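In: Give me the fold of what follows.
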Amino acid sequence: QVQLVESGGGLVQAGGSLRLSCAASGGTFSTYVMGWFRQAPGPAREFVAAISKSGGTTAYADNVKGRITISRDNAKNTVYLRIYNLKPEDTAVYYCAAYYSTSTYLFRTTGNYAYWGQGTQVTVSS
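Out: As a prediction, this is how the structure comes out:
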C-alpha cells in the first residue's frame, strides 16, 4: 500500500511560481508512475502531468504545457511539480497520484491511478 503526502501549496500572486512536493512511502517508488491532478470547485478532477518510473518520460496537459514541469527523485521517494507564471485559473486542490506500472505508457485518467494523496490547496490571487 502506497501512501502519498503532498506539500508546498499556498497563496501565490499571479505571475509567481510554486513547487509542490509529494512524498511516497509504503512501496517501491521506482516501480510507480506518478501523476499530478487538480480539482477546482465544481469541475471534475483534471490531469496535469505524469512522469515515468525512471523520470525519463513526461506528459503534460495541453492547457498547462510550457508552464509546468514534473520531476522525480527516486532516491528520496518524491515527485515534484513546478508551476511557473501562475494564473488565477490555476487555483485548485492539487493531488498526487500513483499506479504500479510495467510499461512506459503514461495514463492521463483518474481511473488508472490506484493511490492518491489528500491534496494541497493552491490559490492564485490576481
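In: in the chain, which spans are strands?
Out: 3-7, 10-13, 18-25, 32-39, 46-51, 58-60, 68-73, 78-83, 92-100, 115-116, 120-125 (DSSP state E).
In: can you count the residues close to Glu6?
Out: 22 (other CB atoms under 10 Å). C-beta: built from backbone N, CA, C; applies to glycine.
In: State the pLDDT value of it.
Out: For Glu6, the model assigns a pLDDT of 98.
In: Just list whatever residues bridge to it.
Out: Here Glu6 sits in beta bridges with Cys22, going by DSSP bridges.
In: I'd guessed it sits against Trp116; true?
Out: No - the pair Glu6 / Trp116 is not scored as a contact, 9.8 Å apart, by CB atoms under 8 Å.
In: circling back: out of the strands of the chain, which one sits most buried?
Out: strand 32-39 (a mean of 25; mean count of other CB atoms under 10 Å).
In: Now do the residue lying closest to Leu4 once chain neighbours are set aside: how many residues are near it, please.
Out: Spatial nearest neighbour of Leu4, excluding adjacent residues (CB to CB, 6 or more residues apart in numbering): Gly117 at 3.7 Å. Counted by other CB under 10 Å, the residues lying close to Gly117 total 21.
In: Give the full set of residues in contact with Gly117.
Out: By CB atoms under 8 Å, 6 or more residues apart in numbering, the contact list for Gly117 reads 4-6, 22, 95-97.
In: And the pLDDT for it?
Out: pLDDT, Gly117: 98.
In: quick one on the thing from earlier: so can I have a markdown table of the contacts of Gly117 showing distance to Pro43?
Out: Listed next are the contacts of Gly117 as a markdown table, based on distance: CB to CB, whole Å:
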| residue | distance to Pro43 |
| --- | --- |
| Leu4 | 22 |
| Val5 | 24 |
| Glu6 | 19 |
| Cys22 | 21 |
| Tyr95 | 13 |
| Cys96 | 19 |
| Ala97 | 17 |
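In: Greatest separation within these: which pair is it?
Out: Among the contacts of Gly117, the pair separated by the greatest distance (CB to CB) is Val5 and Ala97, at 12.4 Å.
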